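Peer 1: Below is the sequence, then the predicted model.
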Amino acid sequence: MKIIATTLGLAFLTTAPAWAQTKKSTKMETQKKDTQAHGMPWEAEYGYAQGLKQDGTVWLSGQLGHDAQGVVSGDMEAQMRQAYANIEKLLAGFGLTMGDVVDETVYVLDISAAYAARGKVGREVYPNPMQVASTLIGISELGLPHAQVEIKVAARKFGRGHE
């Protein structure tokens, strides 16, 4: 029992409701987060996961257009293709494909070049680009020298047993 109020020297006693008497564990507390990495040195230096899956949803950190050795090269379209290849690799590690992407944010140094490249490359990498929410944002700098584009996505497998 608890004293919940006193008035004129009188104390009112109450018992907390049953739902407040015990700590309930939530699904979030008990579920493990699965992560993916590319094995690049900056992952440990900065301290982050390239991808994370929980409750059936995957969030990828922004993917640059670097190769397996961490080298960024080429024009906007080439870097965008490589960034999407990096995205595909991470999604595959979670059992997903580009068709499972529901949202993307594309950060670029040159909006005009990115708009043209994304229109072309997006139709090649997404089975149905009209089913992906997409935001294009112009910025002044990215995390690696010579990088022109960074793409961040969220994906989820929909259908029987996945919703």
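Peer 2: Great, that's in hand. Residues are numbered from 1 along each chain as shown.
Peer 1: Just the element for the spatially most central residue of the chain, please.
Peer 2: What sits nearest the mean C-alpha location of the chain, by Cα atoms, centre = their mean, is residue 59, with 2.3 Å. Using DSSP states H and E, residue 59 sits in strand 57-60.
Peer 1: cool, and residue 107?
Peer 2: Residue 107 belongs to strand 101-108, assigned by DSSP H and E.
Peer 1: residue ranges for the helices of the chain, please.
Peer 2: Along the chain, counting by DSSP state H, helices occupy 18-21, 27-30, 41-46, 76-93, 111-125.
Peer 1: Please identify the deepest-packed of those.
Peer 2: The highest mean neighbour count among those, using mean count of other Cβ atoms under 10 Å, belongs to helix 76-93: a mean of 20. Just so you know, the C-beta spots here come from the backbone N, C-alpha and C atoms, and that holds for glycine as well.
Peer 1: could you give the angle of it to helix 111-125?
Peer 2: 40 degrees (axes from the mean of the first three to the mean of the last three Cα atoms, to 10 degrees).
Peer 1: packing partners for helix 76-93?
Peer 2: The helices and strands touching helix 76-93, judged by 3 or more Cβ pairs under 8 Å, 6 or more residues apart in numbering; DSSP states H and E, are strand 51-54, strand 57-60, strand 63-64, strand 101-108, helix 111-125, strand 149-156.
Peer 1: and those as a markdown table, adding distance to residue 84 and mean pLDDT?
Peer 2: Output for the helices and strands packed on helix 76-93, formatted as a markdown table (distance: least, Cβ to Cβ, whole Å; pLDDT from 0 to 100):
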| stretch | distance to residue 84 | mean pLDDT |
| --- | --- | --- |
| strand 51-54 | 14 | 93 |
| strand 57-60 | 11 | 96 |
| strand 63-64 | 8 | 95 |
| strand 101-108 | 10 | 98 |
| helix 111-125 | 5 | 96 |
| strand 149-156 | 7 | 98 |
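Peer 1: Tell me which of these sits nearest to residue 34.
Peer 2: strand 51-54 (4.3 Å; Cβ to Cβ).
Peer 1: what helices or strands is the closest one leaning on?
Peer 2: strand 34-36, strand 57-60, helix 76-93.
Peer 1: Swap in 6 Å and give it another go.
Peer 2: When contacts are defined as 3 or more Cβ pairs under 6 Å, 6 or more residues apart in numbering; DSSP states H and E, strand 51-54 packs onto strand 34-36.
Peer 1: Return the list of strands paired to the strand it packs on, each annotated with direction.
Peer 2: Paired strands of strand 34-36, with direction, are strand 51-54 (antiparallel) (DSSP bridges).
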